[in-house]
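In: how would this look folded up:
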Amino acid sequence: MFTGIVEEIGEIIRIERGSRSAVLHIRCKEVLEGTRTGDSIAVNGVCLTVTSMGEGGYTADVMAETLNRSSLGTLGPGSRVNLERAMPADGRFGGHIVAGHIDGTGTVQSVDRDETAVWYRISAEPKVLRYIVEKGSVTIDGISLTVAKVTEEDFSVSVIPHTQANTVLSDRRAGDIVNVETDIIGKYVEKLLLPQETPRKKSCLTMEYLAEHGFL
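Out: Reported below is the predicted structural model:
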């Protein structure tokens with residue numbers, strides 16, 4: 001589990017692409033502290049397993065499903081990425097519950113400055129927007145943010161200077177694709193409120209039963 005508080009901006013050194021998968025080579029420093037092979041690190045909000053480590057970075061495998069559902073397939077050498085280690089049990093919960101399993105991607109429609117804050121308006125599919133509520137939480141490229149406005153076609157967030165300076169959100173421009181993960185609590189609530197289908201019991205009424213009781 002993650003909290004959406006980015007710990008470090010890493011850099012893609014190299015990508016080994018297969019026919020349906022890829023291996024990311026990521027340059028970083030801070031997130032390597034206390035990390036071992038097999039641990040999880042969120043890359044732009046996508047939970048990936050550390051497969052090997054070196055002095056200045058690590059590698060992570062990306063499967064076809066992840067490439068298809070996220071913006072990781074658009075990365076290349078030199079791309080900057082948000083990095084966050086999985087939350088320790090004794091750590092501070094600075095953001096919100098982030099699974100690292102994105103719900104889809106969104107497209108930046110506009111970037112507007114409002115004094116010190118920067119507004120990002122992001123469009124997304126209806127299946128993603130249905131779980132985004134005003135004043136609720138949303139994760140964009142692994143960053144925990146508060147939703148300021150929602151319409152039928154998009155949603156907006158207002159970003160403070162600290163977040164702008166310490167994440168790759170400052171690199172995003174209109175037309176860019178971002179990873180979006182909605183608040184998992186809403187999805188669980190919806191699931192629990194849906195009517196459950198009761199398994200149909202097999203009928204004991206057979207031709208033999210009817211004959212035995214004088215109906216035939």
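In: the helices in the chain, which residues?
Out: With DSSP state H, the ranges of helices along the chain come out as 64-69, 126-129, 161-166, 184-193, 207-212.
In: nearest to Gly95, of these?
Out: Closest to Gly95 of the helices of the chain is helix 161-166 (Cβ to Cβ; 10.8 Å). The C-beta positions use only the backbone N, C-alpha and C, and glycine is treated the same way.
In: Report the mean confidence score over that closest one.
Out: The pLDDT scores in helix 161-166 average 92.
In: buried sites along that helix?
Out: Residues of helix 161-166 classed as buried: Thr163, Asn166 (neighbour count, 16 or more other Cβ atoms under 10 Å).
In: How about stretch 110-127?
Out: Within stretch 110-127, judged by 16+ other Cβ under 10 Å, the buried ones are Val111, Val118, Tyr120, Arg121, Ile122, Ala124.
In: Excluding covalently adjacent residues, which one is nearest to Ile97?
Out: Excluding its sequence neighbours, the residue lying closest to Ile97 (Cβ to Cβ, 6 or more residues apart in numbering) is Ile184, at 5.6 Å.
In: wait, doesn't the one you found sit right on Gly100?
Out: No. Here Ile184 does not reach Gly100: they are 10.5 Å apart, not a contact under Cβ atoms under 8 Å.
In: Between the two, which is the more surrounded one?
Out: Gly100 (21 against 18; other Cβ atoms under 10 Å).
In: Show me what the nearest residue to that one once chain neighbours are set aside is bridged to.
Out: Nearest in space to Gly100, with sequence neighbours left out and distances taken as Cβ to Cβ, 6+ apart, is Cys47 at 2.7 Å. For Cys47, the beta-bridge partners are Ala42 (DSSP bridges).
In: Next, work out how far apart Cys47 and Gly95 are.
Out: As defined by Cβ to Cβ, to the nearest Å, Cys47 lies at a distance of 15 Å from Gly95.
In: The protein: strands as residue ranges?
Out: Applying DSSP state E to the chain gives strands spanning 8-17, 22-27, 40-43, 46-53, 57-62, 80-85, 104-114, 117-123, 137-140, 143-150, 154-159, 177-182.
In: can you redo the ones you listed as TSV with distance to Arg130?
Out: Compiled in TSV, the strands of the chain are given as follows (distance: least, Cβ to Cβ, whole Å):
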stretch	distance to Arg130
strand 8-17	31
strand 22-27	30
strand 40-43	24
strand 46-53	21
strand 57-62	27
strand 80-85	25
strand 104-114	11
strand 117-123	14
strand 137-140	12
strand 143-150	10
strand 154-159	11
strand 177-182	8
